[in-house]
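Trainee: Sequence first, predicted model second:
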Number of protein chains: 2
Amino acid sequence: MTLPIQTANENCEDCPIRHRAVCARCEPDELHELDAIKYYRSFEAGQTIIWSGDMMNFVGSVVSGVATLTQTMEDGRTQMVGLLLPSDFVGRPGRDGAAYNVVATTDVVMCCFRKKPFEELMARTPHIAVRLLEMTLDELDAAREWMLVLGRKTAREKIASLLAIIARRDATLSTDGRPGQMVFDLPLTREAMADYLGLTLETVSRQMSALKKDGVILLEGKRHVTIPDMRRLMDEAGDDSDGGFLV
Amino acid sequence: MTLPIQTANENCEDCPIRHRAVCARCEPDELHELDAIKYYRSFEAGQTIIWSGDMMNFVGSVVSGVATLTQTMEDGRTQMVGLLLPSDFVGRPGRDGAAYNVVATTDVVMCCFRKKPFEELMARTPHIAVRLLEMTLDELDAAREWMLVLGRKTAREKIASLLAIIARRDATLSTDGRPGQMVFDLPLTREAMADYLGLTLETVSRQMSALKKDGVILLEGKRHVTIPDMRRLMDEAGDDSDGGFLV
DNA sequence: GAGAAACCTTGACCGAGATCAAATTGGAAA
DNA sequence: TTTCCAATTTGATCTCGGTCAAGGTTTCTC
């Protein structure tokens, strides 16, 4: 499992672009040039950041908060195709139209660059493009991993897969520090989970209840989740390995 | 619809890398350097080119033939996650292990570069990385488009979506040149179609028969397909637009 | 051209997940 | 606290696509 979910930056000062998305190996003058075309934008929870089809005159990355990428059919069926977390990159150098809706699920701050100057800088600076290429290849792997989930897994396996991914991203070890035990708050509603998994929210709810009844997860309230045995959860997810979890 | 299916090169001499994948804007000396680390490999239909988990000491692109990217669960469920056609790029600069099986569905010729020198060249040559980034972003868009198909479309819509994609890639206009009419040979077995669509081969067969009965497609034999009305097929695919077909 | 082996189609039946329809919970506002 | 409303759970029923099974085609081999 390698959805585009990543741990927060470790050494970020003010803008994740600087060291994760683009400039891990930038020279000072390149950083200065990036600074010159950089600006920040804030969004409230629920607000749409980008509409599918919009002109996009910027690229950027998430500084804080969570946003989702979704595609929608005209009859309303929607499929989430990605999750944007701090340090994740948005936008396409070399293309103007946005391909999906980007919606803030929490309050979000983005660090943006005007597209034209960014592209020009990229054309002169190999490691910026190389870094973006690496990130994009990671996202592609994640999207393809998710195609297996969507195409071939059962509802129970889908839920377990999603919980495993979220746990990997931002679970804390429980207070008693039992190895393999993880605790976290779900950052998604049941409906958002359903949109991610290609299910209905009723099925999500039923499978969450089933996993709880079977002791695979513990629930306090609707959102607070404890995984007593991560290995067990991975088994339920049907992953043929540890899913990269222990790598 | 923008699966990683692309039309064949228009100006290719011997190696698609030269102008599509990497070197559309290469200087002569860069081309020469690429030549120095380039070699060709041939594969027979049915042969596995890369096993998931294998060490990959090369990157490259398809010169001729068709290959598939598949992921498999230990119980045998498999999901195709990409189709490789002439000019498509394979491999990850910056990563050693392959993430999926790559299988030749026809005889395939690949143009390969040893990974280390390729990475070094890329680190010095911005437009190589920029070009690969553009291609990878296209593939990412395609994968995400496919997530909608896998997660939210009905069996009939899935089949129609796949036919539309294949038609867009390599259909010829019919002899009478009727606008909107397209003719092509399916490059996939029913089982491969099922693996692409997250269905069983029986369901694929039934839906093909249904589309035929309803006049959406005409079949001669099992593989030769005529689309009398492309617009009608797009409607059956449930796409909210022309799916990029007329762009 | 006979036989074999893929490949494909069709039918009967079943079940996982969708749909429709109430409850129930829980957090925020008053 | 009480009310309210969105989020969630649970139940009853239905349906699409899966599963199992039997033939039918096409292609390859000898």
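Mentor: That came in fine, so what should we check first?
Trainee: For my notes, confirm residue A:110 occurs in a strand.
Mentor: Yes. Counting by DSSP: H, G, I helix; E, B strand; the rest coil, residue A:110 is part of a strand.
Trainee: which element follows the helix or strand bottoming out on mean pLDDT in chain A toward the C-terminus?
Mentor: Using mean pLDDT, DSSP states H and E, strand A:172-173 stands out as the lowest-scoring helix or strand of chain A, at a mean of 62. Using DSSP states H and E, the helix or strand that directly follows strand A:172-173 along the chain is strand A:182-185.
Trainee: Buried residues, that next one. List them.
Mentor: For strand A:182-185, burial by neighbour count (16 or more other CB atoms under 10 Å in any protein chain shown) applies to A:182, A:183, A:184. Where you see a C-beta, it was placed from the backbone N, CA and C, and this is true even at glycine.
Trainee: so how far is DNA strand C from the second one?
Mentor: With distances defined as CB to the nearest atom of the strand, to the nearest Å, the gap from residue A:183 to DNA strand C amounts to 16 Å.
Trainee: Can I get the buried residues of strand A:182-185 in a markdown table including pLDDT and distance to residue B:228?
Mentor: Below are the buried residues of strand A:182-185 laid out as a markdown table (pLDDT from 0 to 100; distance: CB to CB, whole Å):
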| residue | pLDDT | distance to residue B:228 |
| --- | --- | --- |
| A:182 | 88 | 56 |
| A:183 | 90 | 58 |
| A:184 | 89 | 53 |
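Trainee: which of the residues you listed lies closest to DNA strand D?
Mentor: Distance to DNA strand D, by CB to the nearest atom of the strand, is smallest for residue A:184 among these, at 14.3 Å.
Trainee: Distance check, the closest one against residue A:168.
Mentor: 10 Å (CB to CB, to the nearest Å).
Trainee: Quick check: residues of chain A near DNA strand C?
Mentor: Residues of chain A found near DNA strand C (CB under 7 Å from any atom of the strand) are A:154, A:155, A:156, A:198, A:199, A:200, A:202, A:203, A:221, A:222.
Trainee: For the third one, which non-adjacent residue is closest in space?
Mentor: Going back to what we said before, that points to residue A:156. residue A:207 (5.2 Å; CB to CB, 6 or more residues apart in numbering or on different chains).
Trainee: can you list the residues that contact the helix or strand that neighbour falls within?
Mentor: Using DSSP H and E, residue A:207 falls within helix A:201-213. Residues from elsewhere that reach helix A:201-213 (CB atoms under 8 Å, 6 or more residues apart in numbering or on different chains): A:155-156, A:158-160, A:163, A:190-191, A:193-194, A:197, A:217-219, A:236.
Trainee: buried stuff in it?
Mentor: For helix A:201-213, a neighbour-count test (16+ other CB under 10 Å) marks A:203, A:204, A:205, A:207, A:208, A:211 as buried.
Trainee: Which of the three states applies to the residue most central in space within chain A?
Mentor: Nearest residue to the geometric centre of chain A (CA atoms, centre = their mean): residue A:83, 3.0 Å. Three-state call for residue A:83 (three-state DSSP): strand.
Trainee: That one contacts residue A:62, correct?
Mentor: No. The criterion here is CB atoms under 8 Å, and residue A:83 misses it with residue A:62 at 10.1 Å.
Trainee: which stretch of helix or strand covers the nearest residue to residue A:109 once chain neighbours are set aside?
Mentor: Closest residue to residue A:109 apart from its sequence neighbours, by CB to CB, 6+ apart: residue A:63 at 4.3 Å. Taking DSSP H and E as the criterion, residue A:63 maps to strand A:58-64.
Trainee: Each with direction, which strands does that strand pair with?
Mentor: According to DSSP bridges, strand A:58-64 forms sheet pairs with strand A:89-90 (antiparallel), strand A:108-114 (antiparallel).
Trainee: How is chain A partitioned into domains?
Mentor: A:16-149, A:154-237 (automatic domain parsing).
Trainee: Most tightly packed of those?
Mentor: Highest mean neighbour count of the domains of chain A: domain A:16-149, a mean of 19 (counted as mean count of other CB atoms under 10 Å in any protein chain shown).
Trainee: That domain and DNA strand D in contact?
Mentor: No. Residues of domain A:16-149 are not located near DNA strand D by CB under 7 Å from any atom of the strand, the shortest gap being 8.9 Å.
Trainee: And for stretch A:204-211?
Mentor: Yes. Applying CB under 7 Å from any atom of the strand, one finds that stretch A:204-211 is in contact with DNA strand D at A:204, A:205, A:206, A:208, A:209.
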